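Asks: Fold the following for me, if possible:
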Amino acid sequence: MLHSNNFQVWDIEKASRKWVLEQDNSSYNCFVPFQDGHMMIAGTSSGTITFADLRNRYETFEWRLPNNQSGIPRTLCIDHGLNIIAVGQSSGYITLVDLHSGLLLHTWKAHDGSILNLQCYVMNDTHFIVSSSTDRLLCLWNISKPVPYLEKTFKGHREPIQSFDIHQNDLLSVAGHKIAAASLDSQESVVKLERMRLQKSSLKPNQLTTINILSIHQLILIGSEDGHIKCCF
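Replies: A predicted model of the protein is given here:
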C-alpha cells in the first residue's frame, strides 16, 4: 500500500500491518510486485525506480531515470518476456529500462498529458504497451521492434482515463462516470471507444477511479471516488 513517503505491507489474513518502508526526501508514486510478490519495484517523486526486498524488509538498490523531460514516475509495468520495465511519467513520456541492468533502452513522448496507467500486453507473440493519459487517449505501442511505435489510438472518452484493464483482446476503461470498451485486435489505426454508463440514477454519478477484470470469476470490479466498489457480471 502507498501512503505519502512510506510503503506499507499488510497481512491480509490478520488485517494487520507487517512493516513500513520509508523514503526520507521523496514519496512513492506507484509500484508493481516482482518475483512472485517477494520484491517490489516503485517509482518515487525524486525520479528514481526503487527495488525493495519484501521478505527481508529493505531497499536493495535504485536507478535514476533521465531527467531531461522533467517527469516523475506515475505508473509502472513489467514485460517479463522482454525483461523490460516500462515507466509512465507525468510529462507524458514512456521510458523503457532493462530489468536486470537498469540500462535505458528507449524514451519517447507518448501523450500530451500525464500518463495515468500502463499495462504490458502480448498478442500473437508481439509485445505491446497500452497507455492511458489525462489527454483522454488510450494508445497501443508496439515494443517488439528496435524502435517502439504507435500501433493504434483509442478515442471517445471526454475526461482523463483513470484506469483500464485487459482481458484477452478486450480493453475496458473508465473516465469520469463512464465505462468504455474496445477490441485491441481491431484493424483500424484509430478506434472509437464504445462508451456506456453503469446505471441510471437520479443522484449525481460518482467519478470512477479504477477497473479490474477478474477473468476466473467472470466479474468486473469498478471503484469510485465515494469508496464504493461495484461488481458487474
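Asks: so where's this protein shaky on pLDDT?
Replies: Across the chain, the ranges flagged by pLDDT under 70 are 1-4, 67-70, 198-205, 233.
Asks: List of residues touching stretch 177-190?
Replies: Residues from elsewhere that reach stretch 177-190 (CB atoms under 8 Å, 6 or more residues apart in numbering): 121, 123, 128, 130, 138, 140, 151-159, 166, 169-174, 191-198, 205-208, 211, 222. For the C-beta atoms, the positions are set from N, CA and C on the backbone; glycine is no exception.
Asks: From one end of stretch 133-145 to the other, what's the distance?
Replies: Start-to-end span of stretch 133-145 (CA to CA, to the nearest Å) is 23 Å.
Asks: same question, stretch 74-83
Replies: Span of stretch 74-83 from end to end, CA to CA: 20 Å.
Asks: same thing with stretch 97-107?
Replies: 9 Å.
Asks: So which bits of it are buried?
Replies: Of all the residues in stretch 97-107, those buried under the rule 16 or more other CB atoms under 10 Å are 97, 99, 105, 107.
Asks: residues contacting the third one?
Replies: Residue 105 is in contact with 84, 96, 97, 98, counting by CB under 8 Å, 6+ apart.
Asks: Now with 6 Å, please.
Replies: Contacts for residue 105 (CB atoms under 6 Å, 6 or more residues apart in numbering) come out as 96, 98.
Asks: And the last one, by the same measure?
Replies: Applying CB under 6 Å, 6+ apart, we find residue 107 in contact with 93, 95.
Asks: ok, now with 10 Å
Replies: With contacts defined as CB atoms under 10 Å, 6 or more residues apart in numbering, the neighbours of residue 107 are 65-66, 68-69, 71, 87, 89, 93-97, 148.
Asks: again with the first one
Replies: Contacts here follow CB under 10 Å, 6+ apart; on that basis residue 97 touches 41, 49, 63, 65-66, 76, 83-87, 103-107.
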